[in-house]
Each structure stands twice: as C-alpha cells, then as structure tokens.
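1. next come a sequence and a model predicted from it.
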Amino acid sequence: RLIFDRGVTSEQTQFVSFALSVVHALAESSRLAGLLVGAILEDTYDWIAPALLSLFLNLASRHGWWRYILARTLLVVAPGFAPLLRITLVDKLHDQVKVCF
C-alpha cells in the first residue's frame, strides 16, 4: 500500500509511478537483451550463471533484503550512517512500482 494523502490537490503520484515504471522497464529489458545477445554470440552455456545471479539479485532487491542487510551492517560498522537508509515516500513508491511490473 502506498503512503500518501489522496485528498491533496494536484497529486502527481500517477505520473511519477508511470515515469518510474518506464525507466525500470527499459533498464530490465536492456539487461535481458544484453544477456541474450551475449548468449547467442558466444554459443556456450556461460550465460546460465549470470541469468541465475540476475534472478537472485532481482528477487532480493524487490523484497528489500539488500536494504535490510546494508542497514544491519551499517548499524554495526558505522551507526551514524544507519539513519541514511530510512525508508522515504519515494523509496516506498519505487518499491511498489518495481513489483507491479
């Protein structure tokens, strides 16, 4: 669920979420196209490991595990920097858009 006040006039969240989804879709399709072109040109099975690694990294990113691991590490190593990873409205909106597409 997104966190914003629906009663605010001139709400721009629809336009921001559309722009984020277009940029995210372009980045994902470029990554996949590069992987496929590399697999076709090499004619080997070396593309399987990057594909599985991309799947793992995508799932971990979409579910917020990277932010959690980094926040826990910063709490131990440098507690002063941990507040920089607090979730903002933009972070929550970006997470929602990533899962939608």
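-> Yep, that arrived.
2. just give me how far the helix-or-strand element of the chain with minimal mean pLDDT sits from the chain centre.
-> Lowest by mean pLDDT, DSSP states H and E among the helices and strands of the chain is helix 89-100, with a mean of 73. Centroid separation between helix 89-100 and its chain, computed with CA atoms, centre = their mean, to the nearest Å, is 8 Å.
3. give the buried residues for that helix.
-> For helix 89-100, the neighbour count (16 or more other CB atoms under 10 Å) marks 93-97 as buried. Using the backbone N, CA and C atoms, a C-beta is placed for each residue, glycine as well.
4. next helix or strand past the longest helix along the chain?
-> Among the segments of the chain that qualify as a helix by DSSP state H, the longest is helix 13-42. Next along the chain after helix 13-42, taking DSSP states H and E as the criterion, comes helix 48-62.
5. and that next one, what's its mean pLDDT?
-> Across helix 48-62, pLDDT averages out at 83.
6. just checking, what packs against it?
-> helix 13-42, helix 89-100 (3 or more CB pairs under 8 Å, 6 or more residues apart in numbering; DSSP states H and E).
7. and if we set it to 7 Å?
-> helix 13-42 (3 or more CB pairs under 7 Å, 6 or more residues apart in numbering; DSSP states H and E).
8. now the helix it packs on against helix 48-62, angle please.
-> Angle, helix 13-42 to helix 48-62, by axes from the mean of the first three to the mean of the last three CA atoms, to 10 degrees: 170 degrees.
9. report the angle between helix 13-42 and helix 89-100.
-> 50 degrees.
10. buried residues, helix 13-42. List them.
-> 17, 20-21, 39.
11. need the contact list for Leu20.
-> 94, 97 (CB atoms under 7 Å, 6 or more residues apart in numbering).
12. so how far is Leu59 from it?
-> 19 Å (CB to CB, to the nearest Å).
13. got it, and His94?
-> His94 is 16 Å from Leu59, by CB to CB.
14. about what we covered before: can I get the buried residues of helix 13-42 in a markdown table with pLDDT?
-> Formatted as a markdown table, the buried residues of helix 13-42 follow (pLDDT from 0 to 100):
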| residue | pLDDT |
| --- | --- |
| Ser17 | 74 |
| Leu20 | 77 |
| Ser21 | 78 |
| Ala39 | 84 |
